[in-house]
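A.B. asks: predicted structure and sequence below. I'll ask about it afterward.
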Amino acid sequence: MTRRQVLVFRELPPGVMARIEAEHDVTVANPRMAAQREAFFAALPRAEGLIGSSFAIDAAVLAQAPRLQVVSSVSVGVDNYDLAALRQRGIVLCHTPGVLTETTADTIFTLVLTASRRVVELATLVREGRWTRNIGEDLFGWDVHGKTLGIVGFGRIGQAVARRAALGFGMPVLFHNRSPVQAPGLQQHALQLPLPALLAQSDIVVLTAPLTEATRQMMDASRFAAMKPGAVFVNGSRGGLVDEAALLAALDSGHLRAAGLDVFATEPLPLESPLRTHPRVTALPHIGSATHETRHAMAAMAAENLLRVLRGEAPLARAA
Ligand SMILES: NC(=O)C1=CN([C@@H]2O[C@H](COP(=O)(O)OP(=O)(O)OC[C@H]3O[C@@H](n4cnc5c(N)ncnc54)[C@H](OP(=O)(O)O)[C@@H]3O)[C@@H](O)[C@H]2O)C=CC1
Ligand SMILES: O=CC(=O)O
């Protein structure tokens, strides 16, 4: 079998690297690290396969890779890729759906609980030696069990969040999705609604839709205003779905109780972002899938996708 030129643009576990190196010649260069950026762009002209994540592979990058046949993303979301340019060139884009679903749903549900029960604020109080009396009304949290949960984007992760909510916490679930969904085990618990009705009726709103032109900035000032007073907002999909200034205004006006955010318009979150230190925001560093087990499973699946396409076989999961 012909050895191909593979460019790895983020760190992969040693076992996964060994599998790729067994079949192909590999260059490792992470363009997000200043010291490796030049090496990444130097390797692009000969690259036949790319594997990595968290870097925009746009038309300008693709134009520098005339031999490219496959891009294998170590992610399920594919908003970092210029889908039209990839299709036009006939370059296969692969991704990692499924293996990260339950872990990401765990993270999102952690944010639901943490934001509602003020976990970070109260744990910080203990850590800083400010627990000097019994907690009073001013520091009480908000029950999660029994509240109505609205899920925007009812795919793999949205349904996994719904299972936790409905079957574990007795929460009625509302969801918004463009196409109808029959979610196994959730028929008695989940109701599909248009977005305005979901926002008006949910105590807690969770985003699990992908970032596309249709969802970009979908949560703007009017959508936050349409949420119930005192509701909690959680974003586990992409920061690009949210107008962050509008979210801050909704928190500061007291209209929203709290927010739990794993993703931001700009990542890493800039130091000057008010979301970083806002007392009613729980901010995580995009860790939806970040467990040892799941990140390794994602890397292994992405490598398998890459190797299959370079062998002329169908990948496990093709995104475009
Ligand atoms: N925080 C993190 O670390 C992680 C974040 N993610 C994010 O989660 C997203 C979802 O992943 P996953 O559940 O596997 O993907 P799926 O494709 O299974 O689910 C996405 C759902 O969103 C729906 N959707 C798409 N467009 C819209 C729209 N305009 N309005 C309403 N619903 C819409 C889709 O259905 P339909 O098209 O019929 O509307 C689909 O049901 C990823 O794209 C990624 O951005 C994923 C993993 C980790
Ligand atoms: O954000 C992570 C992903 O897999 O998409």
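C.D. replies: Now that the structure is in, tell me what you want to look at. Ligands and ions are numbered 1, 2, ... in the order given.

A.B. asks: contacts, neighbours, all on C-alpha from now
C.D. replies: OK.

A.B. asks: off-centre distance for the helix or strand hosting residue 233?
C.D. replies: Secondary structure from DSSP states H and E places residue 233 in strand 231-235. Using C-alpha atoms, centre = their mean, to the nearest Å, the mean C-alpha position of strand 231-235 is found 15 Å from that of the whole chain.

A.B. asks: residue of the stretch 101-250 of the chain closest to ligand 2, please.
C.D. replies: residue 237 (6.8 Å; C-alpha to the nearest ligand atom).

A.B. asks: how about the strand holding residue 233 as PDB, C-alpha atoms only?
C.D. replies: Taking Å, rounded to 0.1, in the frame of the first residue of the first chain, the C-alpha atoms of strand 231-235 are listed here in PDB:
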ATOM      1  CA  ALA A 231     -34.800  31.000  34.100                       C
ATOM      2  CA  VAL A 232     -31.400  29.400  33.800                       C
ATOM      3  CA  PHE A 233     -29.500  29.300  30.400                       C
ATOM      4  CA  VAL A 234     -26.900  26.600  29.500                       C
ATOM      5  CA  ASN A 235     -24.800  26.400  26.400                       C
END
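
A.B. asks: mean confidence for it?
C.D. replies: Across strand 231-235, pLDDT averages out at 99.

A.B. asks: is any residue of that strand near ligand 2?
C.D. replies: No - judged by C-alpha under 6 Å from any ligand atom, strand 231-235 and ligand 2 are separated, with a smallest distance of 11.4 Å.

A.B. asks: and stretch 68-87, by the same measure?
C.D. replies: Yes - for stretch 68-87, a contact with ligand 2 is found by C-alpha under 6 Å from any ligand atom, at 75-77.

A.B. asks: before we move on, the earlier item: I'd say the residue of the stretch 101-250 of the chain closest to ligand 2 and residue 215 touch.
C.D. replies: No - with contacts counted by C-alpha atoms under 8 Å, residue 237 stays clear of residue 215, the gap being 10.7 Å.

A.B. asks: find the residues that touch each one of these two.
C.D. replies: By C-alpha atoms under 8 Å, 6 or more residues apart in numbering, residue 237 and residue 215 have these common neighbours: residue 209.

A.B. asks: out of these two, which sits in the more crowded spot?
C.D. replies: residue 237 (26 against 15; other C-alpha atoms under 10 Å).

A.B. asks: ok, the residue nearest to the more buried one when sequence neighbours are not counted - contacts?
C.D. replies: With sequence-adjacent residues excluded and distances taken as C-alpha to C-alpha, 6 or more residues apart in numbering, residue 237 is closest to residue 208, at 4.9 Å. With contacts defined as C-alpha under 8 Å, 6+ apart, residue 208 is in contact with 151-155, 157-158, 235-237.

A.B. asks: quick one on the thing from earlier: output the contacting helices and strands for the strand holding residue 233.
C.D. replies: Other helices and strands packing on strand 231-235, by 3 or more C-alpha pairs under 8 Å, 6 or more residues apart in numbering; DSSP states H and E, are helix 101-117, strand 204-207, strand 256-261.

A.B. asks: and ligand 1, is it touching that?
C.D. replies: No - using C-alpha under 6 Å from any ligand atom, strand 231-235 never reaches ligand 1; the gap is at least 7.8 Å.

A.B. asks: and after that strand, which helix or strand comes next?
C.D. replies: By DSSP H and E, the next helix or strand past strand 231-235 is helix 244-252.

A.B. asks: give the other helices and strands that that next one contacts.
C.D. replies: helix 221-226, strand 256-261.

A.B. asks: sorry, back to before: can you give me the distance of the residue of the stretch 101-250 of the chain closest to ligand 2 to residue 210?
C.D. replies: In this view, residue 237 and residue 210 are 6 Å apart by C-alpha to C-alpha, to the nearest Å.

A.B. asks: then residue 317?
C.D. replies: Taken as C-alpha to C-alpha, the span from residue 317 to residue 210 is 16 Å.

A.B. asks: which of these two has more neighbours?
C.D. replies: Counted by other C-alpha under 10 Å, residue 317 and residue 210 do not tie: residue 210 has more neighbours, with 21 against 18.

A.B. asks: what secondary structure does that one sit in?
C.D. replies: For residue 210, the assignment made with DSSP: H, G, I helix; E, B strand; the rest coil gives coil.
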